[in-house]
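**Student:** Need the 3D shape of this:
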Amino acid sequence: MSLNRKTKKELRKLQKQAANLWESQQVLVGQAGDVAREAGRQLGKYNHDHVVPAAKHSYERYAAPYVDRGVETGRKVLNGALVPAAGAVVGTALSVWDVANDQRHRISKGKGLGGFDADSFRKNAAKAGKKATKKLSVPQKKKGLGAGGVLAIIFGVAATAGVLYAAWQTLRADDELWVADDPLRAPDA
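**Tutor:** Reported below is the predicted structural model:
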């Protein structure tokens, strides 16, 4: 099929317009990428300056007292009830072991069974119980990053990731709508 000169001229003009439009779209996509990068940088700065301090303040104000109270209660229960009981059990067991070893030693020396001294047994049991209680007890509160601090960091990171993901989804360019396979080649008319 042959085209007349007028139609060919109109087609060349249309092709030039399409090429100009294509170039302007490529420039626009580049500028949109620059805007998205700058928005990401600004979002990171905003997160650092506003979101993290607000999350930290909210944690310290609302969650930290309850976490600290729970940790302190657990420490009191452990140090006040469980450790002394375990210490007493371990101390008594060690004292019985010592008495049995002492009796075995006496028999091996040929001294016979001998007398059983309940007072020394009681003293040894109390001494071993105190020693075991000291070893089993949990030390008092340390300064530094504890469970609450770790939770605050986790919540802060999760919140930051959520904000960054939402911003990325909002500002990202849909590649199929904007960029062709060959960005330097103009469409054929």
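
**Student:** Rounded mean pLDDT for stretch 125-141, please.
**Tutor:** Mean pLDDT, stretch 125-141: 70.

**Student:** can you pull the buried residues of stretch 124-131?
**Tutor:** Across stretch 124-131, burial judged by 16 or more other C-beta atoms under 10 Å covers 124-125, 128-129. Backbone N, C-alpha and C define where each C-beta goes, glycine included.

**Student:** Just give me the closest of these to Glu10.
**Tutor:** Nearest to Glu10 among the buried residues of stretch 124-131: Gly129, at 104.7 Å, using C-beta to C-beta.

**Student:** Would you mind confirming that that closest one makes contact with Ala93?
**Tutor:** No - at 9.7 Å, Gly129 does not count as touching Ala93 under the criterion of C-beta atoms under 8 Å.

**Student:** Now do the SS call for Leu145.
**Tutor:** coil (DSSP: H, G, I helix; E, B strand; the rest coil).

**Student:** For the remainder of this discussion, apply numbering that starts at 42.
**Tutor:** Yep, numbering from 42; the last one is Leu186 now.

**Student:** Could you tell me how far it is located from Val93?
**Tutor:** As judged by C-beta to C-beta, to the nearest Å, Leu186 and Val93 stand 15 Å apart.

**Student:** Between these two, point out the one with more neighbours.
**Tutor:** In terms of neighbours (other C-beta atoms under 10 Å), Val93 is the more surrounded of Leu186 and Val93; the figures are 17 against 10.
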